[in-house]
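*Asks:* fold the stuff below for me.
(chains A and B)
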Amino acid sequence: MNRREESGPGTGFGDWAALSLQRLRPRDPGRAARPLLRIDNRAEAVSAPFQFDVVSGTLHRNGCRAIPASARTALYALWRIGPEEQQRACPWCRPVPTEQHQDVPAERTALLFGLVSVIDQFAGVLKERGRDFQRSPAGQQLSVQLDQLYRTLGQREKALLDTVLTTLDQLVERLRKADEELGRDPDGHGRGSDGADG
Amino acid sequence: MTWTGTPAIAERVDLLARRYRGAAREVLEPLVLAHHPALGRESPAEYRKMLELTAKMMLVGHACTEVGDFEFDAARQRTAALFGGCCFLADSFLDDFGPASMAEYLDRFTALLETGWFEIRSDRERLFYVIVARLFAARDVLTPLLRQAILQLHLAQAEDVRMRLDGAALTTLTEGRRRALLRQCARDRSGHAILVLANFLVPRLTLDQVAGLFCAGALVMFIDDHGDCHADRQDGRLTYMNQIRDPERALRRIFAKHLSQLLAILPSGPGRDLLLGFLTRYYRTRLAKHRQQARMGGSAWDVHE
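*Replies:* I've put the predicted structure just below:
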């Protein structure tokens, strides 16, 4: 690693982590297609129920014909609107406020899958780093502490922790299998370089 | 509806502009020294320009935060400074290394937004990436409005680059159509940029605030392009402001129209006053810059307050 990245007032752990993460960038184009973080959400935005024209400050239903052509590059997709936002409603399409509901279970599932996908994507690196760390004095000390902590847990806590770890492990395995299945053509052959490179 | 700033507002803008010049340096200098020391050492004019732009972004960020009814605290000041540095470097990738590299950078930014992967090839890119990473850690970047603003800004930049690289296609259009496209592109570039900044600073904006800030951002670009009119012409770059016959009169009209729109949309308060105070000051200094460059010539590298 470049020494400049390790220390100094302009560097921090976050910078180091961010730069290290980019070093894991897959070199072959097939693997690079798997995103680390996708900002571009146009695919989801096309099905959002509302669009806000920031030029005129008008709120439309998605696809309203009253949206001027010059505002096409200044539309923001909205998934929910509240009653207070109706004063900006387009008189042509008249969007109505959506009922408030919390989509917590779906978000939790998405979060869990997000966590699993990160672990899965960087499993090799994480394991390697884990083994190195385990061998270091700090790692050995932590290992002793964790061991002591585990012994102080009651049966229920131990069972819960084991279940969480096992579930995570199984989820990773299932996700990997699903990914492999999706990557096959109808004849059962692999689709591209993703599988070939392992 | 009219707005006449008070001496107290003008004084506040002056005071903050001075303060944020120092604050911009405090945030960016350690990063520049750590990741791209040659920038300060070998290109002092460019470095000064970066700090000046960052101070401007901090002032705008302060106004956006107060419009959103939040306090522009130390963390938000850092975020606004990072955003200034990020914009400056991103613009430099597009402006300073020739057409081929301009198109290539655009493709790589597209990949960054689609995948999160960015191949770091130089110290300048390392500095840019570290700043982006710090910005992304400042707020949940997957918030719908913020991620859309980032993407819209990128698309507006791409359109601007496309027009620059294919100037011949622009000349085939009617004068009116060409001006309309250039005007829309200017509006979008800065309008979406201010929404990115505001969304990094404020957790939630009302639709009125979003529309008001977009309007303010668009006005910044028209003022900016008028100030750079001669430098842009010298570089062969077409902008709406350098394609009209009487740009000063047009800018006066644009300024008045945007100001009345802002007064109608944004509720009165210190945030709106600061925003309008800044825009008024920026308008005056860029009129002066335009006149100065008309007399004495100048380039995009000149540093103006």
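
*Asks:* from now on I want contacts and neighbour counts done on CA atoms only, so please keep to that.
*Replies:* OK.

*Asks:* please enumerate the helices of the chain.
*Replies:* Reading this off chain A. Remark: helices assigned in chain A by DSSP state H are A:13-23, A:29-32, A:42-45, A:104-121, A:123-135, A:137-152, A:155-182, A:193-196.

*Asks:* oops, chain B please
*Replies:* Ranges of helices within chain B are B:7-35, B:37-42, B:44-67, B:74-95, B:99-115, B:123-138, B:144-165, B:167-171, B:175-201, B:207-227, B:229-234, B:247-265, B:270-296, based on DSSP H.

*Asks:* and for the fifth one, what's in contact with it?
*Replies:* So that's helix B:99-115. Helix B:99-115 has contacts (C-alpha atoms under 8 Å, 6 or more residues apart in numbering or on different chains) with A:32-40, B:93-95, B:117-118, B:151, B:154, B:158, B:161, B:165.

*Asks:* let's see that with 6 Å instead.
*Replies:* A:Pro35, A:Leu36, A:Leu37, A:Arg38, A:Ile39, A:Asp40, B:Leu94, B:Phe118 (C-alpha atoms under 6 Å, 6 or more residues apart in numbering or on different chains).

*Asks:* export the residues you listed to TSV and tack on neighbour count and distance to B:Gly212?
*Replies:* Output for those, formatted as TSV (neighbours: other C-alpha atoms under 10 Å in any protein chain shown; distance: C-alpha to C-alpha, whole Å):
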residue	neighbour count	distance to B:Gly212
A:Pro35	17	34
A:Leu36	19	34
A:Leu37	14	30
A:Arg38	17	28
A:Ile39	23	24
A:Asp40	22	24
B:Leu94	20	28
B:Phe118	20	33
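
*Asks:* give me the residue at the spatial middle of chain B.
*Replies:* B:Ser190 (5.5 Å; C-alpha atoms, centre = their mean).

*Asks:* wait, isn't that residue in contact with B:Gly217?
*Replies:* Yes: under the criterion of C-alpha atoms under 6 Å, B:Ser190 makes contact with B:Gly217 at 4.9 Å.

*Asks:* now flag whichever of the contacts of helix B:99-115 is closest to B:Lys56.
*Replies:* B:Leu94 (20.4 Å; C-alpha to C-alpha).

*Asks:* what's the spacing between the closest one and chain A?
*Replies:* From B:Leu94 across to chain A, the span is 20 Å (C-alpha to the nearest C-alpha, to the nearest Å).

*Asks:* identify the residues contacting that residue.
*Replies:* So B:Leu94 contacts B:Met102 (C-alpha under 6 Å, 6+ apart).

*Asks:* 8 Å - rerun?
*Replies:* By C-alpha under 8 Å, 6+ apart, the neighbours of B:Leu94 are B:Ser101, B:Met102, B:Ala103, B:Tyr105, B:Leu106, B:Val161.

*Asks:* B:Thr239 now?
*Replies:* Taking C-alpha under 8 Å, 6+ apart as the test, what B:Thr239 contacts is B:Leu182, B:Arg183, B:Ala186, B:Asp225, B:Cys229, B:Asp232.

*Asks:* can we see that at 10 Å?
*Replies:* By C-alpha atoms under 10 Å, 6 or more residues apart in numbering or on different chains, B:Thr239 lies in contact with B:160, B:163-164, B:178-179, B:181-183, B:185-186, B:222, B:225-226, B:228-229, B:232-233.

*Asks:* with B:Arg162 instead?
*Replies:* B:Met102, B:Ala103, B:Leu106, B:Ala156, B:Ala169.

*Asks:* are any of those residues buried, and which?
*Replies:* B:Met102, B:Ala103, B:Leu106, B:Ala156 (16 or more other C-alpha atoms under 10 Å in any protein chain shown).

*Asks:* can you give me the end-to-end span of stretch B:85-105?
*Replies:* 17 Å (C-alpha to C-alpha, to the nearest Å).

*Asks:* could you list the buried residues of that stretch?
*Replies:* Those buried within stretch B:85-105 under the rule 16+ other C-alpha under 10 Å are B:Gly85, B:Cys86, B:Cys87, B:Phe88, B:Leu89, B:Ala90, B:Phe93, B:Leu94, B:Met102, B:Ala103, B:Tyr105.

*Asks:* quick one: neighbours of B:Pro267, just the number.
*Replies:* Counted by other C-alpha atoms under 10 Å in any protein chain shown, the residues lying close to B:Pro267 total 15.

*Asks:* could you do B:Arg286 as well?
*Replies:* Around B:Arg286 there are 20 other residues, counting by other C-alpha under 10 Å.

*Asks:* show me the contacts for the nearest residue to it once chain neighbours are set aside.
*Replies:* Spatial nearest neighbour of B:Arg286, excluding adjacent residues (C-alpha to C-alpha, 6 or more residues apart in numbering or on different chains): B:Gly227 at 4.6 Å. Residues in contact with B:Gly227, defined by C-alpha under 10 Å, 6+ apart, are B:221, B:241-242, B:282-293, B:300, B:304.

*Asks:* just the buried members of these?
*Replies:* B:Met221, B:Met241, B:Asn242, B:Tyr282, B:Tyr283, B:Thr285, B:Arg286, B:Leu287, B:Lys289, B:His290, B:Arg291, B:Gln293.

*Asks:* neighbours of residue 48, just the number please.
*Replies:* Went with chain A since none was named. That count, for A:Ala48 with other C-alpha under 10 Å as the rule, works out to 17.

*Asks:* switch to chain B, that's the one I care about
*Replies:* 19.

*Asks:* farthest pair within the buried residues of stretch B:85-105?
*Replies:* Pairwise distances among the buried residues of stretch B:85-105 were taken by C-alpha to C-alpha; the largest, 21.3 Å, belongs to B:Gly85 and B:Ala103.
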